[in-house]
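**Student:** Please work out how this folds:
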Amino acid sequence: MHYENNDADSAFGFDGNWQDFAKIALPNLLLTIVTLGIYRFWATTRERKYLWAHTRFVDERLEWTGKGMELFIGFVLVMLLFFLPFSLIGMVSEALVARGQALWAVLLTAGSFFFILYLTGVAQFRALRYRMSRTRWRGIRGGSNDQGFKFGWSYLWKTIVGQLPMGLLVPWSMTSLWNERWNKMSFGPYHFDADAQSGDIFGRYLLFYLAPILLFVAMAIAAVTGGGIGFGLGGEAGTGVGVGLGIAIALFVWFFALGLIAAAFYAKYFREVVGSARWKDLRFGFEASTADWIKLYLGDFVLVVLTLGIGFIFLSYRHWKFFIVHMQADGNILLDELTQSTTRTAKHGEGLLDAFDMGAI
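**Tutor:** Sure, this is the predicted structure:
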């Protein structure tokens, strides 16, 4: 038996609805509040079970097999192994400064910063590894035999190198790390292959890179123009009002324009990296445009504001649906050849990812 993509029938599908999700999310919110946040690990598991169960890939639905206790243990381990030592380092640094050894305090603080950057990379890798290992499709799972410690070093030096030449190598850093992480993953008997190219997204990054300079010039022009108009209407008294109004308008344009440009860059970046991914003979794609991303985040903002923050519980639903609806797959695969993954499974969940508040994908 084999699967071959038909343009009339997307390989991915999602049939959940927010009303059913609310029956899970609202009790989760109440239980999380009552338990002072502890229940959120089990809340995350309940939400994922619903989202995965309503997601179709080719001919089968996904299944989430992770447990809340795994996430809880992962978080506790991070607190014990990392955050307590970092708290001690902070106290030691203060003591060194008090004794006049500021240089040693600076070196210790800098070392802590680099270590946190390293742990950020480890967190991203291990979170993706965990989610792949807890996702089932046709009874098979994904995973990786790599522990993610080497990726942590890659994340450290590539992030630093990306920032060194005035930040111009950030696209290279982002795509290189994406490729390295996904090339270590597999699902069933097949490994993923990713070869995203930074050159394809550099143009939009350069626009985002130069935008602050252009917007600063526009802000200065707006302030001068507003001052001139204010002086013409109200003399010296109107100058200050005109300048202030010009700056206010310029600031609004600043943040609005930067948001649009950032969305344009990220939309192009995500299309590039997802479109570079292969799984055996399947090639993936992501069709969301810049306008789609803007609608998503504007919708998030309006939802949270109008509900006085309660709408935050629906963001995971909105983002997962957005991701699945815009995913594509093209190619063919022999379903009868699919066998179970032989990779090791992690014993606990996304403690580092949760601590650093990042996305695994």
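**Student:** C-alpha from now on. contacts and neighbour counts both.
**Tutor:** Will do.
**Student:** Any figure for the gap between residue 103 and residue 53?
**Tutor:** 55 Å (C-alpha to C-alpha, to the nearest Å).
**Student:** and these two? which has more neighbours close in?
**Tutor:** Neighbours were counted for residue 103 and for residue 53 using other C-alpha atoms under 10 Å; residue 53 has more, 17 against 12.
**Student:** give me every residue that touches that one.
**Tutor:** Going by C-alpha atoms under 8 Å, 6 or more residues apart in numbering, residue 53 touches 61-64.
**Student:** For the stretch 151-300 of the chain, which segments are assigned as strands?
**Tutor:** Secondary structure of the stretch 151-300 of the chain by DSSP state E, counting those that start in this stretch: the strands cover 186-187, 190-194, 277-279, 282-286.
**Student:** Surely residue 303 touches residue 311?
**Tutor:** Yes. Counting by C-alpha atoms under 8 Å, residue 303 does reach residue 311; the two are 5.5 Å apart.
**Student:** follow-up on the earlier one: winner for burial among the strands of the stretch 151-300 of the chain?
**Tutor:** For those, the largest average neighbour count (mean count of other C-alpha atoms under 10 Å) is found in strand 186-187, namely a mean of 24.
**Student:** Next, work out how far apart residue 263 and residue 271 are.
**Tutor:** Per C-alpha to C-alpha, residue 263 is found 12 Å from residue 271.
**Student:** any idea of the angle the longest strand along the chain forms with strand 282-286?
**Tutor:** Counting residues, the longest strand found in the chain (DSSP state E) is strand 327-334. Between strand 327-334 and strand 282-286, the angle comes out at 170 degrees (axes from the mean of the first three to the mean of the last three C-alpha atoms, to 10 degrees).
**Student:** and residue 136, what are its bridge partners?
**Tutor:** Taking DSSP bridges as the rule, residue 136 bridges to residue 63, residue 141.
**Student:** would you turn the strands of the stretch 151-300 of the chain into JSON lines with distance to residue 159?
**Tutor:** Formatted as JSON lines, the entries for the strands of the stretch 151-300 of the chain read as follows, by distance: least, C-alpha to C-alpha, whole Å:
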{"stretch": "strand 186-187", "distance to residue 159": "25"}
{"stretch": "strand 190-194", "distance to residue 159": "19"}
{"stretch": "strand 277-279", "distance to residue 159": "22"}
{"stretch": "strand 282-286", "distance to residue 159": "25"}
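**Student:** any idea where the helices of the stretch 251-361 of the chain begin and end?
**Tutor:** Using DSSP state H, counting those that start in this stretch, the helices of the stretch 251-361 of the chain run over 290-306, 315-326, 351-356.
**Student:** Of all those, which one is nearest residue 128?
**Tutor:** With C-alpha to C-alpha as the criterion, residue 128 lies closest to helix 351-356 of those, at 9.4 Å.
**Student:** re earlier: could you give the angle of the longest strand of the chain to helix 315-326?
**Tutor:** Going by the same axes, to 10 degrees, strand 327-334 makes 60 degrees with helix 315-326.
**Student:** What's the ChimeraX syntax to select whichever of the contacts of residue 53 are buried?
**Tutor:** Remark: buried members of the contacts of residue 53, expressed as a ChimeraX selection using 16 or more other C-alpha atoms under 10 Å:
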select :61,62,63,64
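**Student:** Report the two of the contacts of residue 53 separated the most.
**Tutor:** Maximum pairwise distance in the contacts of residue 53, criterion C-alpha to C-alpha, is 10.1 Å, between 61 and 64.
**Student:** between the two, what contacts are shared?
**Tutor:** Jointly contacting residue 61 and residue 64 under the rule C-alpha under 8 Å, 6+ apart are 52-53.
**Student:** Off-centre distance for the helix or strand harbouring residue 117?
**Tutor:** In the assignment (DSSP states H and E), residue 117 maps to helix 102-133. In terms of C-alpha atoms, centre = their mean, to the nearest Å, the centre of helix 102-133 is set 17 Å apart from its chain centre.
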